[in-house]
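1. For reference, the sequence and a predicted model appear below.
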Amino acid sequence: MEVAHAEKAETSRRLVETEEKLETSETARATAESEIEPLKGDMLWLKERGIACVVESVLNSEELDKTVARLVVVARNDGYAQGYAECSHHVVNALKVYWDTSKSATHGVNTDAALAAAKTEFNNLELPVMDLINVALQSEDHVAQLKEIFPDGENEDKDLA
């Protein structure tokens, strides 16, 4: 009888212990799920809106537009100067005559240096939006910071209504 009573007490103890573990496990699961949901929302925002906002802000940057436009013009001038110099060299060699290069639009212009300077300017370009993004990415809640920089268009539409 004592053995049966001891077995029953041990079974009851194990049952209570198992129920406690189950309750703790369910609490931990519920806590994990409640912490995961905002992360899923943040990841969805990054995927559907955030990354595109960063890309658009960089590609539509006035600073980038101006720097690229300057680089294109300087590269075109350098290409013209190099081509004109090469062509005049061939004419001089082929026809054995002097070719007056002073009429070239780039005569006396150091297009190599201008191109190198434009490339350096492009390579060292700093965009104000990237400074904001870098600060946001170092924040503990970087997605919230990015949402402040790039508010949802839906909220803007509601504000206009």
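-> Perfect, I can see it now.
2. Closest to the centroid, which residue in this protein?
-> Residue closest to the mean C-alpha point of the chain, counted by C-alpha atoms, centre = their mean, is Val54 at 5.4 Å.
3. wouldn't it be in contact with Ile133 here?
-> Yes: counting by C-beta atoms under 8 Å, Val54 does reach Ile133; the two are 6.1 Å apart. The C-beta positions use only the backbone N, C-alpha and C, and glycine is treated the same way.
4. Check the secondary structure at Val109 for me.
-> Under DSSP: H, G, I helix; E, B strand; the rest coil, Val109 falls in the coil class.
5. any idea which element the residue lying closest to it once chain neighbours are set aside lies in?
-> Once flanking residues are discounted, Val109 sits nearest to Ala81: 6.9 Å by C-beta to C-beta, 6 or more residues apart in numbering. Using DSSP states H and E, Ala81 sits in helix 62-95.
6. Packing partners of that helix?
-> Applying 3 or more C-beta pairs under 8 Å, 6 or more residues apart in numbering; DSSP states H and E, one finds that helix 62-95 contacts helix 111-123.
7. could you dump the helix it packs on to PDB, C-alpha only?
-> The C-alpha trace of helix 111-123 is given here as PDB (Å, rounded to 0.1, in the frame of the first residue of the first chain):
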ATOM      1  CA  THR A 111      41.200  67.200 -70.300                       C
ATOM      2  CA  ASP A 112      43.100  64.300 -68.600                       C
ATOM      3  CA  ALA A 113      43.300  66.300 -65.300                       C
ATOM      4  CA  ALA A 114      39.700  67.500 -65.600                       C
ATOM      5  CA  LEU A 115      38.500  63.900 -66.100                       C
ATOM      6  CA  ALA A 116      40.600  62.700 -63.200                       C
ATOM      7  CA  ALA A 117      39.100  65.400 -61.000                       C
ATOM      8  CA  ALA A 118      35.600  64.600 -62.100                       C
ATOM      9  CA  LYS A 119      36.200  60.900 -61.300                       C
ATOM     10  CA  THR A 120      37.600  61.800 -57.900                       C
ATOM     11  CA  GLU A 121      34.600  64.000 -57.200                       C
ATOM     12  CA  PHE A 122      32.200  61.100 -58.200                       C
ATOM     13  CA  ASN A 123      34.100  58.600 -56.100                       C
END
